[in-house]
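S.K.: Output the structure for:
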Amino acid sequence: MICADARLGALDVAMGDAYRAAVRRGGPEAEYQIDSEQASFLNARAGCQTPGCIARMTRRRLDDLHEY
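M.R.: Numbers count the residues shown, from 1 in each chain. I've put the predicted structure just below:
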């Protein structure tokens, strides 16, 4: 669903960029926590049945990643 929707694809790319930046900023101490949170996010997002759900969850994750 993400690859077929340009808006979702752009959000997914932004999240990947934010994830990598958070790992760099957080350093080795935070990397495990960020990875664990990302895995939980991806599992939860996989349960989404609509593009709106995916977009909402991804925006929330982007906000979380910007906190690092």
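
S.K.: going forward, measure contacts and count neighbours with C-alpha atoms only.
M.R.: Noted.

S.K.: what's the next secondary structure element after the top helix by length along the chain?
M.R.: The helix of greatest length in the chain, counted in residues with DSSP state H as the criterion, is given as helix 6-45. With elements assigned by DSSP states H and E, the helix or strand that comes after helix 6-45 is helix 51-66.

S.K.: about what we covered before: tell me which residues of the longest helix of the chain are tucked away?
M.R.: Under the neighbour-count criterion of 16 or more other Cα atoms under 10 Å, helix 6-45 has 8, 11, 12, 15, 18, 19, 22, 23, 26, 31, 34, 45 buried.

S.K.: out of everything not next to it in sequence, what's closest to residue 3?
M.R.: Of all residues beyond its chain neighbours, the one nearest residue 3 is residue 9 (5.6 Å), with distances taken as Cα to Cα, 6 or more residues apart in numbering.

S.K.: burial measure for the residue nearest to residue 25 when sequence neighbours are not counted, as a count.
M.R.: Nearest residue to residue 25 in three dimensions, chain neighbours excluded: residue 68, at 6.6 Å (Cα to Cα, 6+ apart). Other residues near residue 68 number 16, with proximity taken as other Cα atoms under 10 Å.

S.K.: who's in contact with residue 68?
M.R.: With contact taken as Cα atoms under 8 Å, 6 or more residues apart in numbering, residue 68 is in contact with 22, 25, 26.

S.K.: Please tell me how far residue 32 sits from residue 22.
M.R.: Distance check for residue 32 against residue 22: by Cα to Cα, to the nearest Å, it reads 12 Å.

S.K.: scratch that, residue 41
M.R.: Counting by Cα to Cα, the gap from residue 41 to residue 22 is 15 Å.

S.K.: and if you look at residue 28?
M.R.: As for residue 28, its distance to residue 22 is 11 Å (criterion: Cα to Cα).
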